[in-house]
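Trainee: just a sequence and a predicted model for now, questions to come.
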Amino acid sequence: MKRTPHLLAIQSHVVFGHAGNSAAVFPMQRVGVNVWPLNTVQFSNHTQYGQWAGEVLAPQQIPALVEGIAAIGELGNCDAILSGYLGSADQGRAILTGVARIKAINPKALYLCDPVMGHPEKGCIVPQEVSDFLLEEAAAMADFLCPNQLELDSFAGRKPQSLFDCLGMAKALLARGPKAVLVKHLDYPGKLPDGFEMLLVTADGSWHLRRPLLAFPRQPVGVGDLTSGLFLARVLLGDSLLAAFEFTAAAVHEVLLETQACASYELELVRAQDRIAHPRVRFEATPIGL
Ligand SMILES: Nc1ncnc2c1ncn2[C@@H]1O[C@H](COP(=O)(O)OP(=O)(O)O)[C@@H](O)[C@H]1O
Ligand SMILES: Cc1ncc(COP(=O)(O)O)c(C=O)c1O
Ligand SMILES: [Mg+2]
């Protein structure tokens, strides 16, 4: 019997609704991965409501929890680490220490970094020191990096002029260390207005994917976290990077269709669970070169 992969997921938890681990854990479990959620913050709700209650986890708790898993002899079973929304730069450094600790026991373990940098206009609030940490320290240790367009712009230090420019900016990130860069949301001059576009860039090739842009009165939150989580889960389950990319686009689209049909602001993950596991839609990524 094939072993079920184990994934340590280090990102935010919200009591109400879906963002961070609260957007990614259930879908990753639903597709067949054992998830170890480690919550960097526990907030009442995501920050785009403009107000929230709750606390940031003390950074020293991260190595303490990792050591606790080592102490029961389970750390070597960790196949991957995912990091997302961070409450402080010190938490980020503690995660990198944990990644190094896990890779020392299991050199095959993969680290996916979703460099959540915030979006003040949208109300996604992340401290500036976290963005600096992600740009300067985390990217170098990541096997997979999953920025959105704003985060890609921050890495490049500029905005793109075209799709090929986005490709160049993502390819430049490979030189910093990651094996693959998944740009979860593209925005560039000349982009067709009715599409939602993504890029996958690896040493072996690059692919562009377009899916329909859906209309929402308020953009749902947690889509990026869902995207990163499903991509990593499918890679662990044995998909090629390209297959994981295409699966993720389809499963996320299914969730958004369900969310739109319910006229819900929060992602309808529970209702969409069968569609996540077995997406009915399929999007084919097309190779793209410089
Ligand atoms: N097919 C789609 N149609 C409409 N909106 C989408 C679609 N897919 C994703 N979105 C929205 O696009 C935005 C992507 O946000 P962005 O900040 O670029 O990435 P992230 O979710 O990582 O923060 C989110 O507001 C999400 O709700
Ligand atoms: C607590 C929390 N976690 C994670 C996120 C990131 O969500 P997304 O997947 O939309 O980038 C947000 C965005 O506001 C947030 O408030
Ligand atoms: Mg995001």
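Mentor: Good, I have the coordinates. Just so you know, these numbers come straight off a predicted model, no measurement behind them. Numbering: from 1, shown residues only. Ligands and ions are numbered 1, 2, ... in the order given.

Trainee: quick one: the nearest residue to Ala140 once chain neighbours are set aside from ligand 2, how far?
Mentor: Closest residue to Ala140 apart from its sequence neighbours, by CB to CB, 6 or more residues apart in numbering: Gly177 at 4.7 Å. For every residue, glycine as well, the C-beta is placed using N, CA and C. Distance of Gly177 to ligand 2, computed by CB to the nearest ligand atom, to the nearest Å: 22 Å.

Trainee: try Ala180
Mentor: Note on Ala180: its distance to ligand 2, by CB to the nearest ligand atom, is 19 Å.

Trainee: can you list the residues of this structure near ligand 3?
Mentor: 116, 224 (CB under 5 Å from the ion).

Trainee: what residue lies at the spatial centre of the chain?
Mentor: With the centre of the chain defined as its mean C-alpha position, the nearest residue by CA atoms, centre = their mean is Ser228, 2.7 Å away.

Trainee: ok, now which ones touch it?
Mentor: 24, 82, 84, 112, 114, 146, 182, 184 (CB atoms under 8 Å, 6 or more residues apart in numbering).

Trainee: the fourth one is in what secondary structure piece?
Mentor: Read that as Leu112. Under the criterion of DSSP states H and E, Leu112 resides in strand 110-113.

Trainee: which other residues reach that strand?
Mentor: Contacts to strand 110-113, defined as CB under 8 Å, 6+ apart, come from residues 79-83, 99, 103, 134, 138-139, 141-146, 178, 228, 231-232, 235-236.

Trainee: any idea which element Glu129 lies in?
Mentor: In the assignment (DSSP H and E), Glu129 maps to helix 128-133.

Trainee: what about stretch 280-288, average pLDDT?
Mentor: For stretch 280-288, mean pLDDT rounds to 98.

Trainee: equivalent analysis for stretch 35-47, please.
Mentor: For stretch 35-47, mean pLDDT rounds to 97.

Trainee: what about that stretch and ligand 1, any contact?
Mentor: No. Counting by CB under 6 Å from any ligand atom, ligand 1 is not contacted by stretch 35-47; separation bottoms out at 10.7 Å.

Trainee: just the buried residues of that stretch, please?
Mentor: Applying a neighbour-count criterion of 16 or more other CB atoms under 10 Å, one finds 35-43, 45-47 buried in stretch 35-47.

Trainee: how about low-confidence regions in the stretch 51-200 of the chain?
Mentor: Of all residues in the stretch 51-200 of the chain, those with pLDDT under 70 make up the ranges 123.

Trainee: which parts of it are helices?
Mentor: 61-71, 89-105, 128-133, 139-141, 149-156, 163-174 (DSSP state H, counting those that start in this stretch).

Trainee: got those as a markdown table, with distance to Ser264 and mean neighbour count columns?
Mentor: What follows is these, written out as a markdown table (distance: least, CB to CB, whole Å; neighbours: other CB atoms under 10 Å):
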| stretch | distance to Ser264 | mean neighbour count |
| --- | --- | --- |
| helix 61-71 | 33 | 16 |
| helix 89-105 | 30 | 19 |
| helix 128-133 | 29 | 16 |
| helix 139-141 | 34 | 17 |
| helix 149-156 | 25 | 19 |
| helix 163-174 | 31 | 19 |
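
Trainee: ok, back up a step: narrow the contacts of Ser228 to those in strands?
Mentor: If you go by DSSP state E, those have 82, 112, 182 in strands.

Trainee: using a markdown table, lay out these together with neighbour count.
Mentor: Shown next, in a markdown table, are the ones in strands among the contacts of Ser228 (neighbours: other CB atoms under 10 Å):
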| residue | neighbour count |
| --- | --- |
| Leu82 | 30 |
| Leu112 | 26 |
| Leu182 | 27 |
